[in-house]
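K.L.:
predicted model and sequence below, questions to follow.
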Amino acid sequence: PIAHRLGMGKVRGELEDLAFRFLEPEASADLMREVESRRHEIEAVLTQVQRTVEEKLRQEGIPARVEGRVKRLYSIYQKMKRQKIGLDQIYDLLALRIITDSVLNCYAALGVIHKEWTPIPGRIKDFIAIPRPNLYRSLHTSVIGPGGHAFEVQIRTEEMHRIAEEGIAAHWKYKEGHKGAGVDEQRIAWLRQLVEWQQEMRAPGDFLSTLKLDLYPEEVCCFTPRGKVIVLPKDATPIDFAYAIHSDVGHACVGAKVNGRIVPLRYALRNGDVVEILTQSGHMPSKDWLSIVKTSRARNKIKHVINAAERARAIEIGAKLLEKEARRMGVGLGRAGKTELERVAAEYGYSKIEDLHAALGYGRFSPRQILQKLVPAAEGTAAPTPEPAKPPPATPPAAAPAESSEGVILKVKGADDVLLYRAKCCNPLPGESIVGYITRGKGVAVHSTNCTNVQSLMYDAERRIEVEWARSPGETFAVRMLVHTDDRPGVLNQLTGILAEEQSNIKNLEAGSDHARGGLAVIDMTVEVKDKKQLERIVSAMRRASGVRDVQRVL
């Protein structure tokens, strides 16, 4: 695949046949015997076709060299496997190559071939007008020849042939010998991407993974509104298109028009689509885009932006958590403290304090661990005794962002603006007793102290942190409840009346029968409440309502 992407057709063919012979020895040997048994017949047709083409081109005054060959074994094997057919059902074992002196004569030769034999629909490809990313350029066609034998024809110039056989290096070598000719930047874009990926990715494994994603592109050709061709893999999206134009266009992409119509960003582009990217200044890519894009370029650019944003957030979180813990322990982080902090950062393998802050924000270790290393230098301040450890949790809970619009709902005691999350496992409400836990890379997850996950989470006491509710008038929280009632008219009306009295909005409501509980009606509702007390009043009122058997909060 790498030889193919570098345009080294000759090397690619040899490698494929060698690999086929060693990896599939029986299949290779069987196919070779079958081809050899038909070689006399195939070569007779090939000689006849080659002579006819040479004569027709000579009559038209087209200077050309005509080469004929039987297709390579692995190429034949791939077709048999893909179409699930035997060798006797493959009719295009022959391949003809016409090498002429100019692009104009390439097209003229194509006309000669189509005049002499019937072309097979859908098999004509113009890689001269739209080259492949590996610089490959040729005209391809397949025709029905004498005796009903189908064969493929490739038409190219000498320069195109050199690049097709020897690859991109041949292109550069050719250009070095022709000083007036400038290198077409777009045509070597993929090779430049290889260099970019290698520079951007520190881990060799990441580089190899990215390279693998880009080795087998079934391509589609799309156009900008000004007519520039953008070649992308099959099923590529407008986001891929935007990043192919420029990173800044990709980052700012908020929508797209394809052939004049607005399409979703998940839209799979097709050949010939004219794509217009809609942008908005200051817009940044979403993490969801990573599951949409098909090109390595787009994926890497998106990851770079997201990683940079997450790192900046982690640095901020880590710095604030360290500052808060330092105040609690009475450790100064002034100028002298900064020098000591640089020393501690170096002990952990970081060259900068901000790298240490980032590691804290990612939850790789706790602020207390850092400060305990500073304590001996902080005038003998005694380090706190760590709480006893408990067994680690089997699975950490998922976390959802804490609500905070104009007013702050949650905050770390003694520090503002630390990133907080309300854990989905317990979804705590204002008024409930809560505790914070420093997660890995997501800030502080806030749990109800009654949450079943709390005990397993708090095995690492150094990552536990005190949090508190702060005032935020008008803020509401979604709470899901299951209400089991007698299946009779009027019950739902009672429940909605209770919610109306509490000025609680219903976000979602579904009703059905619970056959496991003797045919009772079950009402699944999501309502908005201000705090724990309001929820308790609603639940209490519903339980007193006629016909209601049970009310449960769903966590």
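P.N.:
Sure thing, it's come through.
K.L.:
list the buried ones in the helix or strand harbouring R328?
P.N.:
Per DSSP states H and E, R328 falls inside helix 296-329. By neighbour count with 16 or more other CB atoms under 10 Å, helix 296-329 contains the buried residues 296-303, 305-306, 310-311, 313-326, 329. The way it works is simple: take the backbone N, C-alpha and C, and place the C-beta from them, glycine included.
K.L.:
by contact count, what packs against it?
P.N.:
helix 189-200, helix 204-213, helix 238-245, helix 247-251, helix 353-361, helix 367-374, strand 410-412 (3 or more CB pairs under 8 Å, 6 or more residues apart in numbering; DSSP states H and E).
K.L.:
before we move on, what SS does I523 have?
P.N.:
Using DSSP: H, G, I helix; E, B strand; the rest coil, the structure places I523 in strand.
K.L.:
pLDDT at the closest residue to it other than its chain neighbours, what is it?
P.N.:
Leaving aside its chain neighbours, I523 sits nearest to V483 (4.4 Å; criterion: CB to CB, 6 or more residues apart in numbering). Looking at V483, its pLDDT stands at 91.
K.L.:
you'd agree V483 is in a strand?
P.N.:
Yes - applying three-state DSSP, one finds V483 inside a strand.
K.L.:
wait, isn't it in contact with R543?
P.N.:
No - V483 is beyond contact range of R543, at 9.2 Å (criterion: CB atoms under 8 Å).
K.L.:
now do the shared contacts for those two.
P.N.:
Common neighbours of V483 and R543 (criterion: CB atoms under 8 Å, 6 or more residues apart in numbering): D550, V551.
K.L.:
between those two, which one's more packed in?
P.N.:
V483 (24 against 12; other CB atoms under 10 Å).
K.L.:
helices and strands of the protein: which one bottoms out on pLDDT?
P.N.:
Lowest by mean pLDDT, DSSP states H and E among the helices and strands of the chain is strand 399-401, with a mean of 37.
K.L.:
what about stretch 514-527, start to end distance?
P.N.:
For stretch 514-527, the first-to-last residue distance is 21 Å (CA to CA, to the nearest Å).
K.L.:
D288: neighbouring residues, count only.
P.N.:
10.
K.L.:
do E54 as well
P.N.:
A count of nearby residues for E54, using other CB under 10 Å, gives 14.
K.L.:
remind me which helix or strand it belongs to.
P.N.:
Counting by DSSP H and E, the element that carries E54 is helix 25-59.
K.L.:
name the helices or strands packed onto that helix?
P.N.:
Other elements packing on helix 25-59 under the criterion 3+ CB pairs under 8 Å, 6+ apart are helix 9-23, strand 64-70, helix 73-83, strand 94-100, helix 103-116, strand 150-157.
K.L.:
okay, the angle between the longest one and helix 25-59?
P.N.:
Which is helix 9-23. Between the axes of helix 9-23 and helix 25-59, defined by axes from the mean of the first three to the mean of the last three CA atoms, to 10 degrees, the angle is 160 degrees.
K.L.:
try the fifth one
P.N.:
With the same axes, to 10 degrees as the basis, helix 103-116 and helix 25-59 are set at 100 degrees to each other.
K.L.:
what lines up beside the next helix or strand after helix 103-116 in the sheet?
P.N.:
Helices and strands here follow DSSP H and E; after helix 103-116, the next one along the chain is strand 118-119. Sheet neighbours of strand 118-119, with direction, are listed as strand 139-144 (antiparallel) (DSSP bridges).
K.L.:
contacts made by the strand it pairs with with the rest, please.
P.N.:
92, 106-107, 109-110, 113-114, 116-120, 123-128, 150-156.
K.L.:
again with stretch 497-515
P.N.:
Applying CB under 8 Å, 6+ apart, the external contacts of stretch 497-515 come out as 476, 478, 484, 487, 492, 496, 519-529, 534, 537-538, 541-542, 545.
K.L.:
residues in contact with the closest residue in space to E342 that isn't next to it in sequence?
P.N.:
Nearest non-adjacent residue to E342, counting by CB to CB, 6+ apart: I353, 6.0 Å away. Going by CB under 8 Å, 6+ apart, I353 touches K338, L341, E342, A345.
K.L.:
output those residues as JSON lines; include the columns distance to E219 and pLDDT.
P.N.:
Below are those laid out as JSON lines (distance: CB to CB, whole Å; pLDDT from 0 to 100):
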{"residue": "K338", "distance to E219": "54", "pLDDT": "74"}
{"residue": "L341", "distance to E219": "52", "pLDDT": "82"}
{"residue": "E342", "distance to E219": "51", "pLDDT": "83"}
{"residue": "A345", "distance to E219": "48", "pLDDT": "85"}
